[in-house]
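[1] A structural model of the following input is requested.
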Amino acid sequence: MREYTVAILGATGAVGQRLISELEKAAIPVKQVKLLASKRSAGKKLQFKGQEITVEEAHPDSFTGVDLVLSSAGGAVSKKLLPEAVKRGAVCVDNTSAFRMADDVPLIVPGVNDDQLVNHHGIIANPNCSTIQMVAALYPLHVKWGIKQIIVSTYQAVSGAGKAAWDELLQQAQDRLNNQEIEAKILPTASAKKHYPMAFNLLPQIDVFEDDGYTHEEWKMIHETKKILFNDQDTKQIKVTATCVRVPVEIGHGETVYFTLKDQSATAAAIKQEIERTPGLVLQDDPQNQIYPQPLLAAGKKETFVGRIRPDQENPGAFNMWVVADNLLRGAASNTVEIAECLVRDNLVRVPDK
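    Here you go, the predicted structure:
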């Protein structure tokens, strides 16, 4: 049996540490693990299966002899280092937005479109966290009845903006409870001209605004969904629109998903049955007993939780549902490692000849 040398790029970050944990449990025969990060984090000690490993500074030659790279160190780092890793024979699964929309880079949710992995050229992209959970929940319905339109509103946890934003939320909450002035330096995005408090607040801006008034996060959800379901980010075969909101939650994105099916014979009961029988999805839908997905209950779990499934009483063939998942795990680390497992399963851990 072939064994693999695996490098985790961005190993000391919130997602990186979850990548380590998920790799420990993965169906991947690991010969050696290399933990890579910035110069600032080099020298730190982390554990993999009880073995202490020293974090190394990432540079192009770090990938010599590496078979698989699991990357979550930021888009700029991915753009700089992953092509270098491919040159040295590694196959890379990237958790940033750096390569998602490239025509020759598969954008993968295992169980949905992992058949596209055969087309990789050394880099595979992990979708946006909010896209992953929505597509995972909708895919079995799309297969059975066909989806014409999706209207999604997200309620996204602060951890999706990074550890500094997460820490700022907690500090703001404490300051507010102590009747002290709240400082805002990071959200809605660090590069913005203005910053607003996150504690006890809602921010209808995630990432920067595009010229059409949509944020880049909303743009990503629209075009990533199209690419995943139809392998065409601009397809007219489905209509998708999104409103993305940052909420004062630590971990776990929530989404209200309104969708219209082509086959109007679908019922809420049949949709619940499809959700319940799909691996990786958990149906939590019992309104009479107040059972529905919640971020606090989803944190630390790799499944996608679905509930509040009900028909639109005004529009036949249209339904509403509520989708929740751990954005750091299901929306990042778990999906990344599952992609790597698919590559190993299908003997695709190799860079195709040009």
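[2] in the chain, which helix has the most residues?
    Longest helix in the chain by number of residues, with DSSP state H as the criterion: helix 129-145.
[3] in that helix, what's buried?
    Buried residues in helix 129-145, counted by 16 or more other C-beta atoms under 10 Å: 129-142, 145. Placement of C-beta: from N, CA and C, glycine included.
[4] Between those, which sits nearest Thr256?
    Met134 (10.3 Å; C-beta to C-beta).
[5] where does the closest one land on pLDDT?
    With respect to pLDDT, Met134 has a value of 98.
[6] what's the answer for the one 10 residues further on, then?
    Listed pLDDT for Lys144 reads 98.
[7] and if you look at the one 5 residues further on?
    pLDDT, Gln149: 98.
[8] In this structure it contacts Lys262, no?
    No - using C-beta atoms under 8 Å, Gln149 makes no contact with Lys262, being 9.8 Å away.
[9] Tell me the spacing between Leu329 and Gln156.
    Separation of Leu329 from Gln156 (C-beta to C-beta, to the nearest Å): 15 Å.
[10] For the nearest residue to Lys301 once chain neighbours are set aside, list the residues it contacts.
    Excluding the flanking residues, the one nearest Lys301 by C-beta to C-beta, 6 or more residues apart in numbering is Asp326, at 5.9 Å. Residues in contact with Asp326 (C-beta atoms under 8 Å, 6 or more residues apart in numbering) are 251-252, 298-302.
[11] can we see that at 6 Å?
    By C-beta atoms under 6 Å, 6 or more residues apart in numbering, the residues touching Asp326 are 251-252, 298-299, 301.
[12] Tell me which of those fall in strands.
    In strands, judged by DSSP state E, none of the contacts of Asp326 are found.
[13] Which members of those occur in helices, if any?
    Ala298.
[14] Can you lay out the contacts of Asp326 as JSON lines showing neighbour count, pLDDT and distance to Lys87?
    Shown next, in JSON lines, are the contacts of Asp326 (neighbours: other C-beta atoms under 10 Å; pLDDT from 0 to 100; distance: C-beta to C-beta, whole Å):
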{"residue": "Ile251", "neighbour count": "20", "pLDDT": "98", "distance to Lys87": "36"}
{"residue": "Gly252", "neighbour count": "30", "pLDDT": "98", "distance to Lys87": "38"}
{"residue": "Ala298", "neighbour count": "26", "pLDDT": "98", "distance to Lys87": "39"}
{"residue": "Ala299", "neighbour count": "19", "pLDDT": "98", "distance to Lys87": "38"}
{"residue": "Lys301", "neighbour count": "16", "pLDDT": "97", "distance to Lys87": "37"}
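[15] Do you have the strands of the stretch 51-200 of the chain handy? List them.
    In the stretch 51-200 of the chain, the segments counted as strands under DSSP state E, counting those that start in this stretch are 51-54, 56-57, 68-71, 91-94, 123-125, 147-156.
[16] Chain neighbours aside, what residue packs nearest to the residue nearest to the spatial centre of the chain?
    Centrality entry for the chain: nearest residue to the mean C-alpha point is Cys129, 2.4 Å, by C-alpha atoms, centre = their mean. Among residues not flanking Cys129 along the chain, Gly331 sits closest, at 2.7 Å (C-beta to C-beta, 6+ apart).
[17] In this structure that neighbour contacts Thr131, no?
    No - applying C-beta atoms under 6 Å as the test, Gly331 and Thr131 come out as separate, 8.4 Å apart.
[18] tell me the contacts of the residue nearest to Cys129?
    Neighbouring residues of Gly331 by C-beta under 6 Å, 6+ apart: 129, 132, 325.
[19] show me where pLDDT drops low in this structure?
    Across the chain, the ranges flagged by pLDDT under 70 are 353-354.
[20] Looking at it, which residue reaches furthest from the middle?
    Largest centroid distance in the chain under C-alpha atoms, centre = their mean is Asn179 at 36.0 Å.
[21] distance of that one from Thr336?
    42 Å.
[22] which phi and psi does Val323 have?
    phi -120, psi 130 (degrees, to the nearest 10).
[23] For the remainder of this discussion, apply numbering that starts at 30.
    I'll keep to 30 as the first residue from here, and by that count the last item is Val352.
[24] Looks like it contacts Val335 (just checking).
    Yes - using C-beta under 6 Å, Val352 is in contact with Val335, at 5.5 Å.
[25] Could you name every residue contacting both of those two?
    Ala166.
[26] now the longest helix of the chain, how far from the centre of its chain.
    In terms of C-alpha atoms, centre = their mean, to the nearest Å, the centre of helix 158-174 is found 13 Å from the chain centre.
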